[in-house]
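Colleague: next comes the sequence, and after it the predicted model I'd like to discuss.
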There are 4 protein chains.
Amino acid sequence: WEGEFFPGIPKIKYEGPSTKNPLSFKWYNAEEEILGKKMKDWLRFSVAFWHTFRGTGADPFGAPTKYWPWEDGTNSLNMAKRRMRANFEFISKLGVYFWCFHDRDIAPDGKTLEESNANLDEVVALAKELQTQAKKRVLWGTAQLFVHPRYMHGAATSSELEVYAYAAAQVKKAMEVTHYLGGENYVFWGGREGYQSLLNTDMERELNHLARFLEAAVAYKKKIGFNGTLLIEPKPQEPTKHQYDWDAATSANFLRKYGLTGEFKLNIECNHATLSGHSCHHELETARINGLLGNIDANTGDPQVGWDTDQFLVDIQEATLIMLSVVRNGGLAPGGFNFDAKLRRESIDVEDLFIAHIVGMDTLARGLRNAAKLIENGSLAELVRKRYQSFDTEIGAQIEAGKADFEMLEKKVKEWGEPKVASAKQELAEMILQSVL
Amino acid sequence: WEGEFFPGIPKIKYEGPSTKNPLSFKWYNAEEEILGKKMKDWLRFSVAFWHTFRGTGADPFGAPTKYWPWEDGTNSLNMAKRRMRANFEFISKLGVYFWCFHDRDIAPDGKTLEESNANLDEVVALAKELQTQAKKRVLWGTAQLFVHPRYMHGAATSSELEVYAYAAAQVKKAMEVTHYLGGENYVFWGGREGYQSLLNTDMERELNHLARFLEAAVAYKKKIGFNGTLLIEPKPQEPTKHQYDWDAATSANFLRKYGLTGEFKLNIECNHATLSGHSCHHELETARINGLLGNIDANTGDPQVGWDTDQFLVDIQEATLIMLSVVRNGGLAPGGFNFDAKLRRESIDVEDLFIAHIVGMDTLARGLRNAAKLIENGSLAELVRKRYQSFDTEIGAQIEAGKADFEMLEKKVKEWGEPKVASAKQELAEMILQSVL
Amino acid sequence: WEGEFFPGIPKIKYEGPSTKNPLSFKWYNAEEEILGKKMKDWLRFSVAFWHTFRGTGADPFGAPTKYWPWEDGTNSLNMAKRRMRANFEFISKLGVYFWCFHDRDIAPDGKTLEESNANLDEVVALAKELQTQAKKRVLWGTAQLFVHPRYMHGAATSSELEVYAYAAAQVKKAMEVTHYLGGENYVFWGGREGYQSLLNTDMERELNHLARFLEAAVAYKKKIGFNGTLLIEPKPQEPTKHQYDWDAATSANFLRKYGLTGEFKLNIECNHATLSGHSCHHELETARINGLLGNIDANTGDPQVGWDTDQFLVDIQEATLIMLSVVRNGGLAPGGFNFDAKLRRESIDVEDLFIAHIVGMDTLARGLRNAAKLIENGSLAELVRKRYQSFDTEIGAQIEAGKADFEMLEKKVKEWGEPKVASAKQELAEMILQSVL
Amino acid sequence: WEGEFFPGIPKIKYEGPSTKNPLSFKWYNAEEEILGKKMKDWLRFSVAFWHTFRGTGADPFGAPTKYWPWEDGTNSLNMAKRRMRANFEFISKLGVYFWCFHDRDIAPDGKTLEESNANLDEVVALAKELQTQAKKRVLWGTAQLFVHPRYMHGAATSSELEVYAYAAAQVKKAMEVTHYLGGENYVFWGGREGYQSLLNTDMERELNHLARFLEAAVAYKKKIGFNGTLLIEPKPQEPTKHQYDWDAATSANFLRKYGLTGEFKLNIECNHATLSGHSCHHELETARINGLLGNIDANTGDPQVGWDTDQFLVDIQEATLIMLSVVRNGGLAPGGFNFDAKLRRESIDVEDLFIAHIVGMDTLARGLRNAAKLIENGSLAELVRKRYQSFDTEIGAQIEAGKADFEMLEKKVKEWGEPKVASAKQELAEMILQSVL
């Protein structure tokens, strides 16, 4: 494969909201400052190698639909390298600084661990070279511990000791490789760390194994001097009936139980949030409040669909709320926004890859602009402040300091009589939010 | 009201599975021993005063349908006392040892806290007398912190300080009363501790308030010498969009975050479990594994309905799995099974109250018998033991002791080659379970 | 009650998107022409008497929270008349032309049917007078056949013949009254026409009864010369486990089965749509394609909540898609947009009633403006036209005329070889939609 | 491949409920008479070739896990024939009389339609021979119109005319082949007949195409003298966001709209029922009442999972209700029970194929036995009869004959006064049901 992979596609530029050009940004203007920081620094976009370069369009009822021109139909090392070059052309044209990968996305599985590792080393060497040329970085790397049949019962929570060991070896290598590429984070998504049926599962033992595994990962990270953040990515289910990292609170409970809170943060995915019965905003706020918001997998699901559709986010209101959480968190760095999102199976033009990412980036950029307007406007913050102002008092301070016992409070009630209660003004809050959209 | 409340209803007796008499037990034989304990001691059934004596059949689209003959249409103190007598006749005829209540179920709200407390004292004095006569006990008491409009924004998490204080005063009294009646537990169900919209909510501040409130409750419990268990009852939503005690794991995370794990256990309700996207069995196991399984609210929902239907459990398989968790937990005492379940709105005969409780008790009794068969049969436990036997080895022990690092494990993988993986035998496990139903 | 009901509230005016005044329209400009019609004629807004004047804020776990200043705590005839005056002041200040009602919302239930009818007549006479003064109209009337305990098993589908008859008498009167007030439509929402359990239900017999009932309604409508449209309002469940008018397609099947399609149209409610697993847009398109789109109950639900929340619509994208269907339908007249939406329980200020309706009206107005932009832009329509252009051919015409048999098509396939398939361009379609938001 | 495919597996025999042998029937005794018919004639079990012989265990996150010993890793004609022999050994040992297939399951796709048809002919010739030897029959055949990428936009509803034609040619051949094998039914499951987004879809035009397609199928069926029943299989979604045959009522509406009700029946799948928000029993009763119950795809889903899990049914209560519908329908013939169910991905032993089918067959057999007990017991039918007895009167007959107009009914109401309403006795109904489980 010689020359460009995307010959008809120019470098994507910011043209503003009035342009009709699909291959341009309407809202994302990388260098523009919003709330004291450049848009690119708030957003830290990353392309997911797996969806963009390994997504085939296959689904449980259908064969692959995507035959990109640069693919030769093999999973060879040569093909892996060609894809890596396509990746760097893609992110360069798109104007994205980061990429993310699983070990097995970027290099073919070998017959043995040694062979797989050798394959990986060869592709990673090329990636390092390309990323230096292109001035790009790895947002995070991870190990793919769910596709291979050996992981059918899980990886760290497999009922088979040899599988646990294999997963350890694979994570060890993936951490080394991420470190080598200057990755800023390392992610654990426990796709099969869960169960299909409680009948044949020893949940307690499996959870203990998972904790031991993550402790060993922390130890190894320190040993090799990798300073990136370790991230757990919650998801409620699929492929399993129950995944142990169900949602942010469940993951936080696990980390606390096993004393791991200082070592991990969370990678919140919006589609996983809604599958777990929460809004994405809720999951972000829960992670933030628990001191655990580390990264966002920027995608969305279909509100009437019960599985992970990994669509590119297009909802402006949702994006505004996401960015509100991010601003409250002071940004996400060293995390960012990884587009864990894929083209619809029926979108088979090369340009669709660009269109989808552009609309995803623009949606979040528009969300950031709206969040800034909301913050600058101030009415919503003021509405919230006022709601709780009865606690901004001496007795409020006592309560918040844990110094107000039941007897004292009962005495006060007798003094005060029936409490006055103000309107929650939810519709007004919604009106204010809408005014910035 | 003179004489019997349920004149046509005899004391309910065990008649065995072949009886056609709806007013008899087919499976629940209180004194019969199963797995070394009497059925009544495994099951520790309790009647919920609110559903049985205060449930009106009203729903969001309909007026009350239940006009029990003993009701006079008022919420007077006299009526409250009459109901209390009906309660003791009911549980005596049903052969249940425990009852549960909210403060405001059993005595009318007064114009002031003082008046409400005085009303409560008067009814509680009668209850104490009746329960001594009838040799009954309170399984748990609780404060109703969600019906009165003052609690519209929550109780401990209200945006209004005076409401926080009022809730404190109410819990103080409810704890005193529960203690006075010899209650074995005290429950916190945070019906409105949550939010309707994140837009107008300071979630972090509200959660801090909730923690302060529970700490004060612990302090007061100790002060008055109440030794009952404090229980948190998870529910994902309804009436709020999000309740802070979403599910067992979320509640556990909250308790751990605020250092409250030693002071609280969980009261798992089956219908709440399924509303949160989990099976009841999952929630019980999660609570158990976290050392938090304290009580069960025995009911069930409709799998196709998105709100709390609080139906009496009739599913034998579900009951078998519930009892399996209870047996693994060594029983529930000092907790038990509270029938937080209500007659369908359209069931308006007095005898329906008995029929519903009988079928609920028989279902759990049958679940217990099945769980015992399953345990005695042993095949399922053996299937599970075998699945994990690769960890019952020297290296397994090392892993489980946290002594197996990634480098050692990688070395082993290179020695061992591709892992062997056995069938999970889920269908066989299901066949074994079905064989005891 | 003398003087104004809403003394602090001015007539709501259009001030445009940049205003900060919550009590003004930002997008709804009644007389402005969009796509050749005035906004008020596309939108035909109606206030729902029940939510706005009879909504108390009670929910399954809570008592009423709303004590409007004009309420005296009774359900007297006088109070009913006072509320009716408040209604006309409200819709006049809001600038809405229509209102909707249930018989039992506007006048108190009497001890007998005769007394209820007399009450109704008295209030309706006043309403007629007020509506002539205010130049307002009834969008639709309906009978409340679900609150009273007599309807616990349904109305037309009750297992009790006397209840069927009672419902008939009530609908008869409600149709007369709607006719008298110049109502443009009459609605059937079968809240309890369904079942709680199939075990005790003869579904076939109940459905036959429902058909007989609706046939009798058609006959009576003709007899009294009422020319309004009869509308069925689908809802999947709540309060029943299953409502017979589950969704648009289910209702269409019922109408077709019993030969009623010519006599009824559908009133699509957005929150009911999502509860049935469909987007609102889907239900509108399904109704439209079946020739049944008659009216819209303009509200929305919470995508993570499993019951009817009846919130005011604030989602701009959803509103745009709704208006796209309405424009395709050539408008809704004689139907319109009824705000079957209620204040959150915690919104207790009188001004909240206005704020909520304003944001609902503005959202739909903004949707209309966006739909117009989308239509004028033309790119989306062109994208769709192109997708199907292979059918705009001679063979396409044959297929669509039902003249292409399998043998002919097989012959063609052998001629043509493997079909070419184009990209579905979903992401591009989403980008185009977003560009008008 | 020489000799037996399942050498260790004997012919499965009925051994009764007390056996411990997993490879035996506990409840299914083929020749035993229940309610006047042999069990095998009520149940008419069929094995689904695709799940049992082509299911690989792949899922959206994982590679195949099943490598049956007889598979050689190819999709050759020889392999296809070998599998067909395995199929007949399997159903013979299992004691099932029927099998079902898609065209592309049993023979490999060729490069052209002609080649695919030739492959199919060759395998079908063998199947015919084997089925004569084994005395087996095809319950139904169908065409696989969803896996190949050409069908990405649907088959009969594709936006591409050439795909419509290709689907027609494929169905033509599949109907011929089903006819040749003496198939008793032919099924249409419209996996991709639906949409992913309404934005890029002309739903009305697609539905018209679907109707034209089915009309042509009816014409061709008659032309070739195929007398089997044509069946539509409803499913709400997956792989599409919306499938046009959403549920039984939606499918019935489609058939009625296009005048196709006389030509089609429905194939109800239990897992599809629950995904559409209904119980399986509801879908069966809806199909039955509409005169459309033709076949059952016997499987089940997980109540907490939002996609099709196609598990073997193990729920005894659900099976009892299914069989109640089947008995009311007078059986299913010429339809039957097809096991559209698959092993869990983690079940990889050959014997698991038998165990899963045995537990599925036993569950339905147990359901049949329970349904018979329920019918013989009679209490539930009596409870239902009594609920509606007010309609078994002269006025009831008038109403049911459509002769009771609103005026007459109003007169009666005035005569009768407030209706009496009886308890719905749902809990009693549940107790009666449980007594036969």
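Modeller: Sure thing, it's come through.
Colleague: bridging residues for the spatially most central residue of chain A?
Modeller: Centroid check for chain A by C-alpha atoms, centre = their mean gives A:Asp297 as the closest residue, at 2.3 Å. When bridges are called by DSSP bridges, A:Asp297 pairs up with A:Glu269, A:Asn338.
Colleague: that one contacts A:Ile268, doesn't it?
Modeller: Yes - A:Asp297 lies in contact with A:Ile268 (C-beta atoms under 8 Å); the separation is 7.0 Å. From N, CA and C alone the C-beta is placed, and that goes for glycine too.
Colleague: please enumerate the shared neighbours of these two.
Modeller: Shared contacts of A:Asp297 and A:Ile268, defined by C-beta atoms under 8 Å, 6 or more residues apart in numbering or on different chains, are found at A:Glu233.
Colleague: what ranges does the stretch 251-400 of chain A have for its strands?
Modeller: Ranges of strands in the stretch 251-400 of chain A, per DSSP state E, counting those that start in this stretch, are A:264-269, A:293-297, A:337-339.
Colleague: nearest to C:Glu263, of those?
Modeller: Nearest to C:Glu263, of all those, is strand A:264-269, at 49.3 Å by C-beta to C-beta.
Colleague: now the closest one: mean pLDDT?
Modeller: Averaged across strand A:264-269, pLDDT comes to 98.
Colleague: tell me what it is packed against?
Modeller: In terms of contacts (3 or more C-beta pairs under 8 Å, 6 or more residues apart in numbering or on different chains; DSSP states H and E), strand A:264-269 is packed against strand A:229-232, helix A:248-257, helix A:280-289, strand A:293-297.
Colleague: redo that, cut-off 10 Å
Modeller: strand A:185-188, helix A:203-224, strand A:229-232, helix A:248-257, helix A:280-289, strand A:293-297 (3 or more C-beta pairs under 10 Å, 6 or more residues apart in numbering or on different chains; DSSP states H and E).
Colleague: is chain D contacted by the first one?
Modeller: No - Strand A:185-188 stays clear of chain D (C-beta under 10 Å from any C-beta of the partner chain), getting no nearer than 14.9 Å.
Colleague: please save the CA atoms from that strand in CSV.
Modeller: Output of strand A:185-188 as CSV, limited to C-alpha atoms (Å, rounded to 0.1, in the frame of the first residue of the first chain):
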residue,chain,number,x,y,z
ASN,A,185,-3.2,5.9,31.4
TYR,A,186,-3.9,2.2,31.4
VAL,A,187,-7.4,0.8,31.4
PHE,A,188,-9.1,-2.4,32.8
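Colleague: list the pairing partners of it within its sheet, with orientation.
Modeller: Partners of strand A:185-188 in its sheet, by DSSP bridges: strand A:137-142 (parallel), strand A:229-232 (parallel).
Colleague: okay, now the closest residue in space to A:Thr52 that isn't next to it in sequence: neighbour count?
Modeller: Closest residue to A:Thr52 apart from its sequence neighbours, by C-beta to C-beta, 6 or more residues apart in numbering or on different chains: A:Leu353 at 6.1 Å. Neighbourhood size, A:Leu353 [other C-beta atoms under 10 Å in any protein chain shown]: 25.
Colleague: for B:Leu374, find the nearest of the strands of the stretch 251-400 of chain A.
Modeller: strand A:264-269 (37.7 Å).
Colleague: any idea how far A:Cys280 is from chain C?
Modeller: 11 Å (C-beta to the nearest C-beta, to the nearest Å).
Colleague: I figured that residue hits A:Asp247, correct?
Modeller: No - using C-beta atoms under 10 Å, A:Cys280 is not in contact with A:Asp247; the gap is 11.3 Å.
Colleague: quick one on the thing from earlier: and of the strands of the stretch 251-400 of chain A, who's closest to D:Phe339?
Modeller: Of all the strands of the stretch 251-400 of chain A, strand A:264-269 comes closest under C-beta to C-beta, at 35.6 Å.
Colleague: what comes up buried for the helix or strand containing A:Arg83?
Modeller: Assigned by DSSP states H and E, A:Arg83 falls within helix A:77-94. For helix A:77-94, a neighbour-count test (16 or more other C-beta atoms under 10 Å in any protein chain shown) marks A:77, A:79-94 as buried.
Colleague: so for that helix, mean pLDDT?
Modeller: 98.
Colleague: does the next helix-or-strand element following it reach chain D?
Modeller: Next along the chain after helix A:77-94, taking DSSP H and E as the criterion, comes strand A:98-102. No - shown here: strand A:98-102 not in contact with chain D (C-beta under 10 Å from any C-beta), separated by at least 11.4 Å.
Colleague: now strand A:98-102 and strand A:293-297, what's the angle there?
Modeller: In terms of direction (axes from the mean of the first three to the mean of the last three C-alpha atoms, to 10 degrees), strand A:98-102 departs from strand A:293-297 by 80 degrees.
Colleague: if we can go back for a sec, quick one: common contacting residues for A:Cys280 and A:Asp247?
Modeller: Here A:Cys280 and A:Asp247 share the contacting residues A:268, A:272-273, scored by C-beta atoms under 10 Å, 6 or more residues apart in numbering or on different chains.
Colleague: most neighbours, which of those residues?
Modeller: Counting by other C-beta under 10 Å, top hit in those: A:Ile268 with 33 neighbours.
Colleague: who's in contact with that one?
Modeller: Neighbours of A:Ile268 in contact, by C-beta under 10 Å, 6+ apart: A:231, A:233-234, A:247-248, A:251, A:278, A:280, A:282-288, A:292-298, A:322, A:325, A:332, A:335.
Colleague: can you do 8 Å?
Modeller: Contacts of A:Ile268 by C-beta under 8 Å, 6+ apart are A:233-234, A:248, A:280, A:283-284, A:287, A:293, A:295-297.
Colleague: re earlier: surely the residue nearest to A:Thr52 touches A:Gly55?
Modeller: No - between A:Leu353 and A:Gly55 there is no contact under C-beta under 8 Å: 9.4 Å.
Colleague: joint contacts of those two?
Modeller: Common neighbours of A:Leu353 and A:Gly55 (C-beta under 8 Å, 6+ apart) are A:Leu343.
Colleague: any idea how far the residue nearest to A:Thr52 lies from A:Phe6?
Modeller: Remark: distance between A:Leu353 and A:Phe6 (C-beta to C-beta, to the nearest Å) = 8 Å.
Colleague: burial count for the closest residue to chain C within the stretch 1-150 of chain A?
Modeller: Nearest residue of the stretch 1-150 of chain A to chain C, counting by C-beta to the nearest C-beta: A:Pro22, 6.0 Å away. For A:Pro22, the neighbour count with other C-beta under 10 Å is 18.
Colleague: ok but it is inside a strand, no?
Modeller: No - applying DSSP: H, G, I helix; E, B strand; the rest coil, one finds A:Pro22 to be coil, outside a strand.
Colleague: residues contacting it?
Modeller: A:351, A:355, A:358, C:428, C:431.
Colleague: do the same with A:Lys11
Modeller: A:92-93, A:95.
Colleague: redo the residues you listed as a markdown table? Include distance to D:Lys342.
Modeller: Formatted as a markdown table, these follow (distance: C-beta to C-beta, whole Å):
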| residue | distance to D:Lys342 |
| --- | --- |
| A:Ser92 | 44 |
| A:Lys93 | 43 |
| A:Gly95 | 45 |
